[in-house]
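Trainee: no sequence on hand, only this structure:
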């Protein structure tokens, strides 16, 4: 889907799950986040892209109200990338508080947003949420990290373990390693310390 949809952060009357929040970097940090599973839920019936657009609109309404509760400014953009709805919040000076030091607040907020979508549609959501471009920047960082680690392993022959990462982050690294000939990667350990190990083929 090429065209983005922008939603201004103004409150409407749609009912969404209640969230206790404060305007600091502890927002939603206490929410228990269920790690992403390697097994995805079945795709919903009907036109897939229309369904993902609907997911994005539901998420946008939910986040719009949350921004109003927190008294944060921000523009909400909706898009579809592959098999996911993608929602981005940009343009506000306090948005870093919705990210956290290592993205932990953003991960919790993404899970809350997925639950809001699931409550409305009855289906599990794989929606991706980005705030202030953090995930986009992290993707570039991890791609570079994976490529450089793969090149070192290809040259030395020694396996190299990387730092613990989320399932989404590990996938980015696996994809980056796959672009370098003569090496491969695997995940090792258990959450929250599961990490990528780059090895010589």
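Mentor: Here it is on my side, so go on. Keep in mind it's a predicted model, so treat the numbers as computed, not measured.
Trainee: show me the strands in this structure, by range?
Mentor: 5-8, 75-81, 84-90, 128-131, 160-164, 183-188, 195-200 (DSSP state E).
Trainee: including mean pLDDT, mean neighbour count and distance to residue 55, could those strands go into CSV?
Mentor: From N, CA and C alone the C-beta is placed, and that goes for glycine too. CSV is the format used below for those (pLDDT from 0 to 100; neighbours: other Cβ atoms under 10 Å; distance: least, Cβ to Cβ, whole Å):
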stretch, mean pLDDT, mean neighbour count, distance to residue 55
strand 5-8, 51, 14, 12
strand 75-81, 93, 18, 9
strand 84-90, 94, 22, 4
strand 128-131, 96, 22, 11
strand 160-164, 97, 15, 29
strand 183-188, 97, 17, 28
strand 195-200, 97, 20, 29
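Trainee: as TSV, those with distance to residue 58 would be great.
Mentor: Shown next, in TSV, are the strands of the chain (distance: least, Cβ to Cβ, whole Å):
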stretch	distance to residue 58
strand 5-8	11
strand 75-81	10
strand 84-90	9
strand 128-131	13
strand 160-164	32
strand 183-188	32
strand 195-200	33
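Trainee: give the residue spans of the chain that score low on pLDDT.
Mentor: Applying pLDDT under 70 to the chain picks out residues 1-46.
Trainee: quick one: the helices in it?
Mentor: 48-70, 104-121, 134-156, 167-177 (DSSP state H).
Trainee: list the buried ones in the last one?
Mentor: Just to be clear, that refers to helix 167-177. 168-174, 176-177 (16 or more other Cβ atoms under 10 Å).
Trainee: which of these sits closest to residue 187?
Mentor: In terms of Cβ to Cβ, no member of the buried residues of helix 167-177 lies closer to residue 187 than residue 170, at 5.6 Å.
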